[in-house]
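Undergrad: Here is a sequence with its predicted model. Questions after.
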Amino acid sequence: MEPQTKKSHTRLSSLFRRKTAVEEKQEPATIIEEAWAPVRVRSPPPIQAPVLQYPAYIAQYQMNSQSQSPQSPRSLVAGPGHYRPYPEPAKAHFAPPGSLVSQIPEREQEAKMNLEKGLGIHCPPSPAKTPRDVGISSPVAEAGPSTSFKSPPGGDVTPTSPSAASAISTIPQSARPSMVSTIDSPTKQRYEYWPIETGSIRLVRILPGRRTTIECEVIQAPLDNAPQYVAISYTWGDVGDTKKIDIEGSRVPITVSLYGALQALRQKQSSVLVWADALCIDQSNTDERSQQVQLMPQIYSNAAFVAIWLGPEENDSSRAVGLLEKLSLPTDHFVTGADVSEILADAAANGDLLATVSLFGRPYWKRLWATQEVFNAKRIAVHCGDTFLPWQAYKTASHYFRRHHAELDFKAKGPDKRRPDHFTCVQTLIHEGPACIPTLKPQILKGENALLEVLRASRSQLSSDPRDKLYGILGVLPTHIRDGLRVDYDLSTKDVYTEIVEFLIQTTDSLDVICESMHFPPNNRSPNLPSFVPDWSYIPLTSAMGHRYNFQASGATKAICNFHGERMNKLEISGIPIDIIQTKGMVVGTLVNLGDFLMAFLHWRALLLHVTEGRTSFQIQMAEECLAATICLGQLPTGYDRERWQKTCYHVIANLFQERLPYIPLDATLQAHLKITTDIRPEARRNFLQTNIGDRMLGRTFCLTQNKRLGVGSGAMLPGDVVVVPLGCSTPVVLRPEGTQGEFRYIGDVYIESYMYGKAIEQWETGLRPLKKYVLH
């Protein structure tokens with residue numbers, strides 16, 4: 001692998017400390033501070049609607065609270081279904097001493113002169129204006145600042161706004177950031193970028209105003225010495241659905257989603273510096289894109305704030321924001337959980353809870369890049385329409401939804417008074433919204449498997465570029481792991497995913513990564529990937545067994561393997577053969593269709609009874625217990641032995657058959673289990689089945705081997721497939737012989753009764769089983 005230049009990365013988790021009164025008198029507030037820092041709760045000006053103040057703890061977000069006027073609180077005006085930021089009086093703000101004061105626009109020159117007098121500092125003048133470029137072959141690129149020219153047909157000539165000044169203008173003129181737009185010309189619509197300096201970033205200054213058109217300027221600054229800015233975290237949305245903004249006189253199309261974010265951040269009296277990937281990175285330049293993506297952890301950690309943009313007000317989202325704010329009040333406002341229960345009951349009755357389901361179901365929450373952007377942020381404000389709340393308010397509400405999920409209720413709504421799907425709504429509040437963004441524990445990130453753990457945790461998140469399934473998570477990884485991986489958008493998806501496998505095997509001496517390669521349902525994988533390489537671009541029905549249940553089929557052995565082939569598309573491994581698949585049962589798709597699972601169970605049991613035909617009643621009973629233990633992957637609930645588990649399992653399944661499929665006749669054994677006594681209430685049977693069996697069987701099936709061993713494996717396996725325990729792998733795997741070169745296709749991991757905790761290794765070490773080499777392709 002190519003050597004990687006070490007990048008500095010410091011996660012700043014602490015908030016800015018609050019300034020003293022003396023400091024505040026000496027150091028005026030910056031634009032960012034005024035635009036973003038909510039003030040402490042104070043008496044609001046007289047208004048008609050009642051005022052719902054921000055939680056008191058949001059005051060810690062404030063960097064210059066003492067300088068705020070008592071008459072200008074930022075609060076939420078509470079009306080029927082309407083919350084909006086309460087407007088603050090206009091105020092001029094400038095950068096404090098030592099910062100890049102030269103970023104101030106020329107329109108503020110008079111105020112800047114007053115600042116120089118008051119603070120005793122000198123603000124260098126802005127560079128001379130230059131006419132904006134109009135195309136790739138524009139003479140401006142070679143002409144000096146005073147060059148003038150006529151616009152092409154259909155175009156216009158508008159002088160640029162001042163570009164970055166003194167401290168920023170140390171960048172050579174040829175490398176200063178500038179955008180070239182031909183939107184208004186008859187040629188193809190596009191805008192282009194000047195080259196960006198190594199270690200620098202572009203920033204977009206949103207000029208103040210409330211006009212329909214958003215006006216911006218673009219500057220370039222060294223990342224380690226950039227002015228304060230807001231980093232935007234948002235979904236791109238439909239790239240064909242655009243609106244135009246004005247960048248230094250040029251009309252530039254951006255997605256409607258980004259337009260809404262810029263509009264939400266624009267201030268009436270003061271400009272705001274922001275970083276947004278679609279504008280600040282030349283997406284058509286793979287070299288620049290690779291270099292800037294490598295800097296993204298630092299871009300988000302250096303930002304004064306990270307602004308999450310969920311989208312515009314819709315589906316009563318303002319009511320949902322009001323509910324989240326109520327739930328995020330300091331805990332000392334709640335005497336017991338009864339207070340939360342009362343809020344949730346009211347929210348269910350007035351529709352706020354259903355509005356929150358819609359808010360938590362927005363596309364942003366499943367966005368892959370959100371993981372590292374949230375992880376690296378110092379402070380986060382979540383915007384939706386005209387409202388915003390701190391990130392912690394969303395996290396707190398999500399916690400309460402999980403804790404009080406049994407109390408959530410959804411009333412009938414709409415002219416036909418249909419009741420919303422209760423199960424789906426509850427699942428959305430519990431598992432979506434902020435819960436979609438993985439919480440990465442420090443002990444996970446410090447472990448040798450940090451990369452694999454994060455890949456697994458973020459697998460259900462979405463990205464438009466499949467390579468970003470790796471690049472989008474690098475920002476949360478420890479430096480020593482990140483430095484061993486490269487961001488290179490010139491590589492194909494196949495090359496990127498294969499490099500992940502190679503890197504993990506080399507750094508962990510484990511083959512567990514190949515168990516993440518799922519082959520069921522068929523045709524979901526990228527067709528050109530080697531069978532042993534996981535396709536991280538799609539979401540499988542289940543995850544690897546070894547990851548979930550701490551199996552140790554290969555004991556403490558390390559992987560012995562080599563990559564072969566011109567494109568490293570073949571992997572030679574060493575493993576112990578233990579059996580061959582003889583038959584398999586019906587495959588379980590999803591337990592949402594309970595009837596399918598019940599029918600699959602009948603088929604599995606029929607296979608078992610067929611091979612036990614003619615056996616004694618004791619042997620059949622042992623086989624029944626073995627089946628029950630196998631379909632839960634040996635993970636018996638706490639307090640259960642195999643006999644009790646088999647009886648409870650059969651009791652639940654038999655009763656669900658009678659409830660859901662009463663026309664299916666049950667044999668004598670299942671009939672007998674209908675009448676036994678268990679501690680599982682009738683209303684809890686489905687949940688019991690899904691928790692202990694269903695989640696483990698998704699995409700899998702029951703199987704029998706030639707030596708009459710019971711197992712559970714990938715729905716893609718077939719009779720004749722080989723069961724092998726590879727050295728350095730947590731579970732046995734299924735391999736399929738293919739071709740005439742003695743090569744194999746990887747099919748999936750497999751649970752084989754009694755071979756999950758080192759038995760194959762013991763047999764190999766005592767000479768009972770051989771060690772063989774297998775070439776996977």
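TA: Received it, and whenever you're ready, just let me know what you need.

Undergrad: what ranges do the helices span in the stretch 651-777 of the chain?
TA: 668-673, 685-689, 695-697, 759-765 (DSSP state H, counting those that start in this stretch).

Undergrad: of these, which approaches Arg319 most closely?
TA: When the helices of the stretch 651-777 of the chain are compared by CB to CB, helix 685-689 sits nearest Arg319, at 30.4 Å. No exception for glycine: its C-beta is placed from N, CA and C like everyone else's.

Undergrad: still on that earlier bit, hey, which of the helices of the stretch 651-777 of the chain is tucked in deepest?
TA: Neighbour counts (mean count of other CB atoms under 10 Å) averaged over each of the helices of the stretch 651-777 of the chain peak at helix 695-697, with a mean of 21.

Undergrad: contacts for it?
TA: 542, 548, 588, 591, 597, 631-633, 635, 712 (CB atoms under 8 Å, 6 or more residues apart in numbering).

Undergrad: Sort out which one of these lies nearest Asp579 for me.
TA: Among these, and counting by CB to CB, the member closest to Asp579 is Val712, at 13.7 Å.

Undergrad: ok, and the closest non-adjacent residue to that closest one?
TA: Tyr751 (4.5 Å; CB to CB, 6 or more residues apart in numbering).

Undergrad: Is Ala629 part of a helix or strand, or is it coil?
TA: helix (DSSP: H, G, I helix; E, B strand; the rest coil).

Undergrad: That one - how many residues pack around it?
TA: 20 (other CB atoms under 10 Å).

Undergrad: give the contact list for it.
TA: Taking CB under 8 Å, 6+ apart, one finds 636, 642, 645-646, 753 in contact with Ala629.

Undergrad: any idea how far Leu602 is from it?
TA: 18 Å (CB to CB, to the nearest Å).

Undergrad: ok, the residue nearest to Val712 - contacts?
TA: By CB under 8 Å, 6+ apart, the residues touching Tyr751 are 545, 630, 633-634, 711-713, 731-732.

Undergrad: same thing but at 6 Å, please
TA: Tyr751 sits next to 633, 711-712 when contact means CB atoms under 6 Å, 6 or more residues apart in numbering.

Undergrad: Tell me which helix or strand in the chain has the weakest average pLDDT.
TA: When each helix and strand of the chain is scored by mean pLDDT, DSSP states H and E, strand 51-52 comes last, with a mean of 26.

Undergrad: Which strand or helix spans Gln582?
TA: strand 570-587 (DSSP states H and E).

Undergrad: Give me the domain ranges for the chain.
TA: Domain segmentation of the chain under automatic domain parsing yields 317-363+392-436, 442-551, 575-776.

Undergrad: Quote the end-to-end distance of the longest one.
TA: Distance across domain 575-776, first residue to last, is 12 Å (CA to CA, to the nearest Å).

Undergrad: thinking again about what came up before, going by distance to Thr612, which of the contacts of Tyr751 wins?
TA: The closest of these, once distances to Thr612 are taken by CB to CB, is Gly711, at 15.9 Å.

Undergrad: residues near that closest one, how many?
TA: Using other CB under 10 Å: Gly711 sits among 24 other residues.

Undergrad: Bridging across strands, which residues link to it?
TA: Cys703, Ile752 (DSSP bridges).
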